[in-house]
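Peer 1: Structure for this input, please:
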Amino acid sequence: MDAAEFRALWNELTPIGRTPEGGYLRYSWSEADQECRNWFRAQADRRDMEVETDKNGNIYAWWGSPHEDGAVLTGSHFDSVPHGGAFDGPLGIASGFLAVDVLRASGAKPRRPIGVAAFTEEEGGRFGVPCVGSRLMTGVLDPEHARKLTDAEGITLAEAMDATAADSSILGPDPERLERLAMFIELHIEQGRALDGVDAPVGVASAIWPHGRWRFTFTGEANHAGTTMLADRRDPMLTAAFMTLAARKEARIAGGLATVGRVETDAGAANVIPGTVSAWLDARAPDAAALSEILDAITSKVTERSERDRTRVAVEAESTMPLVEFDAGLRDRIAAVLGGVPVLPTGAGHDAGVLSLRVPTAMLFVRNRTGVSHAPAEYADDADCAAGVDALAAVLREFAC
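Peer 2: Sure thing, here's the model as predicted:
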């Protein structure tokens, strides 16, 4: 794959959902999402690949029959976090189509179906729960719960889907499709700089840290900011602020990560003490014990602090994911096919981690020169992206041609 060939295709996709500031707003079931799906169908049509959409809104392009067993699937997702970068997700989809081009140019023919997939709502940027499409597919997420998920405007997932003529009433597990898959290989930009540190354009994932999102709801008493004495206040924002600081400390002690990236209050004005504050904790750790240690310590300390603040706190797990160790045999074979590329773990969640519960999975990482992820500065240069396409093509050739 020539870097210019990668750039030519990439330039077709990158304008979709881009904001004036350079980030992306590609929420699932939005206008930008529909544009991405149209781009996907156009790419499939160029390559005479059959397109299908499953009951959960995930879309596939097939080289070979989608109804045969033993299929090798690749791909990723289009949706972004609010004002995220260009590469997280779409790189894996574009690379899938380009890998098919590389194989065809070499004269290869699939002995089993090769598919390129785009999974829906991987980031959870609109409806708050990550990997909705793959979680529904594998039976990890209850369909009724999924239909009731709401975005910031109060629109439910069911309403958003129905507005695009997708049928939300049929959401749910898809065991027949999963049974036809021999494996899933996801290519993704690295979310960090490990590959840059060893001067390698491509790597293979070993595992995904256990992680989850928890909603902390703090309740106090709404009141006037200018007339309520400090001693009389029951301010839930104080408890929420303490939780943010406690999260950082406990993660550092346990060797994990903890972040409060979203906070909402019912106040609606600067001169009001809020009555309720909601804060979302994202926590990750190398193993389940460390993750539990982080969450338990934060919850214990926040509960104690709420008593001093005369507030109340409730904790709800919105999504959790155990440690994912990718299929060792598949991982090692891929690393060997690629000439012994680096093998590294990741703290980021992916559809590959969810699908690993039902199907052998593996991940390829493309070097991220900046190390930035989920932000406009996220970047992989064209040469490294082309190397990623060649690596993916080599893996698909090994297992499907």
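Peer 1: ok, H374 - contacts?
Peer 2: For H374, the contact set (CB atoms under 8 Å, 6 or more residues apart in numbering) comprises 81, 84-85, 88, 191. Yep, even glycine has a C-beta here, placed from its N, CA and C like the rest.
Peer 1: Next, give phi and psi for it.
Peer 2: phi 60, psi 30 (degrees, to the nearest 10).
Peer 1: any idea how far it lies from L364?
Peer 2: Distance of H374 to L364, given as CB to CB, to the nearest Å: 19 Å.
Peer 1: all helices of the stretch 251-400 of the chain, in order?
Peer 2: 288-309, 328-337, 351-355, 382-400 (DSSP state H, counting those that start in this stretch).
Peer 1: tell me the most buried of those helices?
Peer 2: helix 351-355 (a mean of 28; mean count of other CB atoms under 10 Å).
Peer 1: picking that back up, got a markdown table for the contacts of H374, with secondary structure and neighbour count too?
Peer 2: As requested, the contacts of H374 are exported to a markdown table (DSSP: H, G, I helix; E, B strand; the rest coil; neighbours: other CB atoms under 10 Å):
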| residue | secondary structure | neighbour count |
| --- | --- | --- |
| V81 | coil | 23 |
| G84 | strand | 23 |
| G85 | coil | 26 |
| D88 | coil | 26 |
| Q191 | coil | 20 |
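Peer 1: From those, pick the one nearest V129.
Peer 2: V81 (13.3 Å; CB to CB).
Peer 1: Help me confirm that G133 comes into contact with A117.
Peer 2: No: applying CB atoms under 8 Å as the test, G133 and A117 come out as separate, 9.1 Å apart.
Peer 1: would you list the contacts of H374 in JSON lines and tack on distance to Q34 and pLDDT?
Peer 2: Below are the contacts of H374 laid out as JSON lines (distance: CB to CB, whole Å; pLDDT from 0 to 100):
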{"residue": "V81", "distance to Q34": "19", "pLDDT": "93"}
{"residue": "G84", "distance to Q34": "18", "pLDDT": "93"}
{"residue": "G85", "distance to Q34": "21", "pLDDT": "95"}
{"residue": "D88", "distance to Q34": "20", "pLDDT": "94"}
{"residue": "Q191", "distance to Q34": "27", "pLDDT": "90"}
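Peer 1: Can you add distance to A99 and give those residues back as CSV?
Peer 2: Shown next, in CSV, are the contacts of H374 (distance: CB to CB, whole Å):
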residue, distance to A99
V81, 26
G84, 24
G85, 22
D88, 19
Q191, 21
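Peer 1: From those, pick the one nearest W39.
Peer 2: Set against W39, the nearest of the contacts of H374 by CB to CB is D88 (16.7 Å).
Peer 1: coming back round to it: wait, which of the helices of the stretch 251-400 of the chain is closest to N56?
Peer 2: helix 351-355 (11.5 Å).
Peer 1: What average pLDDT does the closest one get?
Peer 2: Helix 351-355 shows an average pLDDT of 94 in the prediction.
Peer 1: tell me which strands and helices it is in contact with?
Peer 2: Packing contacts for helix 351-355, counted by 3 or more CB pairs under 8 Å, 6 or more residues apart in numbering; DSSP states H and E, involve helix 132-138, strand 181-189, strand 202-208, strand 361-366.
Peer 1: The last one to helix 328-337, inter-axis angle?
Peer 2: Here strand 361-366 points in a direction 30 degrees away from that of helix 328-337 (axes from the mean of the first three to the mean of the last three CA atoms, to 10 degrees).
Peer 1: how about the closest residue to V366 other than its chain neighbours, what does it touch?
Peer 2: Closest residue to V366 apart from its sequence neighbours, by CB to CB, 6 or more residues apart in numbering: G388 at 3.9 Å. Residues in contact with G388 (CB under 8 Å, 6+ apart) are 91, 95, 187, 201-202, 364, 366, 380.
Peer 1: what about G388, distance to A165?
Peer 2: Distance, G388 to A165, using CB to CB: 34 Å.
Peer 1: try M321
Peer 2: Note on M321: its distance to A165, by CB to CB, is 31 Å.
Peer 1: Look at the two and report which has more neighbours.
Peer 2: Of the pair M321 and A165, M321 is the one with more neighbours under other CB atoms under 10 Å, namely 22 against 6.
Peer 1: by how many degrees do the helix or strand containing T74 and strand 361-366 diverge?
Peer 2: Using DSSP states H and E, T74 maps to strand 71-77. Angle, strand 71-77 to strand 361-366, by the same axes, to 10 degrees: 50 degrees.
Peer 1: show me the contacts for the residue lying closest to S278 once chain neighbours are set aside.
Peer 2: Distances taken as CB to CB, 6+ apart place E264 nearest to S278, at 4.7 Å, with adjacent residues excluded. E264 makes contact with 277-279, according to CB under 8 Å, 6+ apart.
Peer 1: residues touching R397, list them.
Peer 2: Here R397 is in contact with 103, 106, 108 (criterion: CB under 8 Å, 6+ apart).
Peer 1: Show me how far the helix-or-strand element of the chain with minimal mean pLDDT is from its chain's centre.
Peer 2: For the chain, using mean pLDDT, DSSP states H and E, the weakest element among its helices and strands is strand 324-325, scoring a mean of 86. With CA atoms, centre = their mean, to the nearest Å as the basis, strand 324-325 stands 16 Å off its chain's centre.
Peer 1: what's the answer for stretch 156-166, then?
Peer 2: On CA atoms, centre = their mean, the centre of stretch 156-166 falls 21 Å from the chain's centre.
Peer 1: Please identify the buried residues of it?
Peer 2: 156-158, 160-161, 166 (16 or more other CB atoms under 10 Å).
Peer 1: Return the subset of those lying in helices.
Peer 2: Using DSSP state H, 157-158, 160-161 are the members of the buried residues of stretch 156-166 that sit in helices.
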